[in-house]
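Visitor: A predicted structure for the sequence below; I have some questions about it.
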Amino acid sequence: MAAFTFNFASMFVLFASMFAMFVNAIPVGLVGRDVYVPPVTSPAADTVWTVNSTATITWDTSSPPEQITNKVGRVFLRKGDRTLPLLLADGFDILDGSVDITVPWVLESGDYQVVLFGDSGNFSPNFTITGGPPY
Ligand SMILES: *[C@@H]1O[C@H](CO)[C@@H](O)[C@H](O)[C@H]1NC(C)=O
Ligand SMILES: *[C@@H]1O[C@H](CO)[C@@H](O)[C@H](O)[C@H]1NC(C)=O
């Protein structure tokens, strides 16, 4: 009975240490990092962009988590609830807080949005792009 108890305890310690080794072996990218979704501050609802001109996209970087899973930013254009495969900017640091882009030559409409991706997509409000033919 004493031997059984001893073996059971040994087994438990063995499994516990194996589990600890397993947990320590998980890459840091899978645990202990936060999804960072900084809010877009521009374009805002009253923003008007003109095709072919330069515009600045800004976002709030005031409270980043300690660890960011994906620091590389990317911005897509979105229209009327559909994200377009149209990159406005790519490969910048998500902590920059702003990026300058050239407004694409698109039809004039008031239901464009930008989607800022770092860890996760974050939408701007609907705003207007003008200067192109009407939608
Ligand atoms: C943006 O505009 C589209 C199309 O008019 C509308 O369906 C959508 O709800 C609007 N989104 C927001 C966040 O207002
Ligand atoms: C925008 O640029 C395209 C060529 O890239 C040109 O054909 C178009 O006329 C320009 N539109 C405006 C409003 O400048």
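Guide: Happy to help now that I have it. Ligands and ions are numbered 1, 2, ... in the order given.

Visitor: so Trp105 sits right up against Thr130, yeah?
Guide: No: taking contacts as CB atoms under 8 Å, Trp105 lies outside contact range of Thr130: 11.7 Å. All C-beta spots, glycine's among them, are computed from the backbone N, C-alpha and C.

Visitor: touching both of these two, which residues are there?
Guide: Contact criterion CB atoms under 8 Å, 6 or more residues apart in numbering; residues shared by Trp105 and Thr130: Val51.

Visitor: the two: which is more packed in?
Guide: A direct count of neighbours by other CB atoms under 10 Å for Trp105 and Thr130 places Thr130 higher, at 14 against 11.

Visitor: of all the residues in the strand ranked longest in the chain, which ones are buried?
Guide: The strand that spans the most residues within the chain, counting by DSSP state E, is strand 82-93. Buried residues in strand 82-93, defined by neighbour count with 16 or more other CB atoms under 10 Å: Leu88, Ala89, Phe92.

Visitor: now flag whichever of the residues you listed is closest to Pro134.
Guide: Nearest to Pro134 out of these is Leu88 (CB to CB; 21.6 Å).

Visitor: roughly how far apart are the closest one and Gln67?
Guide: As judged by CB to CB, to the nearest Å, Leu88 and Gln67 stand 27 Å apart.

Visitor: related to what we said a few turns ago, how about the buried residues of strand 82-93 in TSV, adding distance to Val72 and pLDDT?
Guide: Converted to TSV, these look like this (distance: CB to CB, whole Å; pLDDT from 0 to 100):
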residue	distance to Val72	pLDDT
Leu88	15	98
Ala89	11	98
Phe92	7	96
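
Visitor: the residue of the chain found nearest ligand 2: what's it in contact with?
Guide: In the chain, the residue that lies nearest ligand 2 is Asn52 (3.8 Å; CB to the nearest ligand atom). Contact analysis of Asn52 by CB under 8 Å, 6+ apart lists Thr102, Val103, Trp105, Gly131.
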